[in-house]
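In: can't give you the sequence, but here's the structure:
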């Protein structure tokens, strides 16, 4: 599999974000997300079981953690590692150009499995 | 943890590639690699147990798979998924500017573990 992160970008602004899974295998998922002016709904917080490592490839965004008073402004090349269950939201994305995100999700190790199997 | 992929880039050309681990957890490792004219040594092939998903963030490179006759030219935004044990090498990277790679390694699931634990 191969591609280019800037291929087939939607013309922004669009009604919804677009998301494409670039790789999915046990323990790992890689997505391209394209925003064009969208933000998380008011009062909504992402709260994920997975570690998320996210890169802003192009465009611009404001990302807010619930445990921080101010949003972080993200510009191309900026990356963040979001620990599992750390609540966060996208406050704003640029409307004049596509904002391309690369999101990498590391699924938590299923430690309980071994416990179930053990006698 | 947070950072920018373009922060602290070496002035190229440098003698060696630079590599920085941005995230390492069970099953997942994310690295920034910066090349400035380097290539794999003659006759050398990478041959990895892990799945590698690699993105060329900036610069330019030629990547060759052993099972393909011609190298692939990679430009910014180009990504490739390299299956475990698929032999490959970097034939060339631009010398005039840093080539920034984002490499994501998904370690194979250790299925044998459960077998060992089971009675």
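Out: Good, I have the coordinates. Predicted model only: the values in this text are computed from it and were never measured. Numbers count the residues shown, from 1 in each chain, chains lettered A, B, ... in the order given.

In: where does residue A:31 sit relative to chain B, distance-wise?
Out: 11 Å (CB to the nearest CB, to the nearest Å). C-betas here are computed from N, CA, C, even on glycine.

In: Could you report the neighbour count for the nearest residue to that residue once chain neighbours are set aside?
Out: Nearest non-adjacent residue to residue A:31, counting by CB to CB, 6 or more residues apart in numbering or on different chains: residue A:103, 4.6 Å away. Per other CB atoms under 10 Å in any protein chain shown, the neighbour tally for residue A:103 reads 18.

In: ok, now the one 4 residues further on?
Out: For residue A:107, the number of neighbouring residues by other CB under 10 Å comes to 17.

In: tell me the contacts of it?
Out: Residues near residue A:107 by CB atoms under 8 Å, 6 or more residues apart in numbering or on different chains: A:26, A:27, A:28, A:29, A:49, A:50, B:27.

In: So which bits of chain A are right by chain B?
Out: A:1-7, A:22-23, A:25-28, A:30, A:51, A:53, A:55, A:57, A:72, A:75-81, A:102, A:104, A:106-107, A:109, A:113-114, A:117-119 (CB under 8 Å from any CB of the partner chain).

In: Of those, grab the buried ones for PyMOL.
Out: Buried members of the residues of chain A next to chain B can be picked out in PyMOL with the line below, counting by 16 or more other CB atoms under 10 Å in any protein chain shown:
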select buried, chain A and resi 3+4+5+6+22+23+27+28+30+51+53+55+57+76+77+78+79+80+81+102+104+106+107
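
In: I'd like the list of the residues of chain A next to chain B that fall within strands, please.
Out: A:2-4, A:22-23, A:25, A:28, A:30, A:51, A:53, A:55, A:57, A:72, A:78-81, A:102, A:104, A:106 (DSSP state E).

In: Report the separation between the most centrally placed residue in chain A and residue B:13.
Out: Here the mean C-alpha position of chain A is nearest to the C-alpha of residue A:103 (CA atoms, centre = their mean), at a distance of 4.4 Å. Relative to residue B:13, residue A:103 is positioned 33 Å away (criterion: CB to CB, to the nearest Å).

In: same thing with residue A:82?
Out: For residue A:82, the distance to residue B:13 - CB to CB - is 36 Å.

In: Name the residue in those two with the higher neighbour count.
Out: Between residue A:82 and residue B:13, residue A:82 has the larger neighbour count (other CB under 10 Å), namely 21 against 15.

In: If I look at that one, what pLDDT would I see?
Out: Residue A:82 carries a pLDDT score of 97 in this model.

In: measure stretch A:64-74 end to end?
Out: End-to-end span of stretch A:64-74 (CA to CA, to the nearest Å): 10 Å.

In: before we move on, back to that, thought residue A:57 was touching the residue nearest to the centre of chain A, still the case?
Out: No - between residue A:103 and residue A:57 there is no contact under CB atoms under 8 Å: 10.4 Å.

In: which SS state does residue A:67 fall under?
Out: With DSSP: H, G, I helix; E, B strand; the rest coil as the basis, residue A:67 sits in coil.
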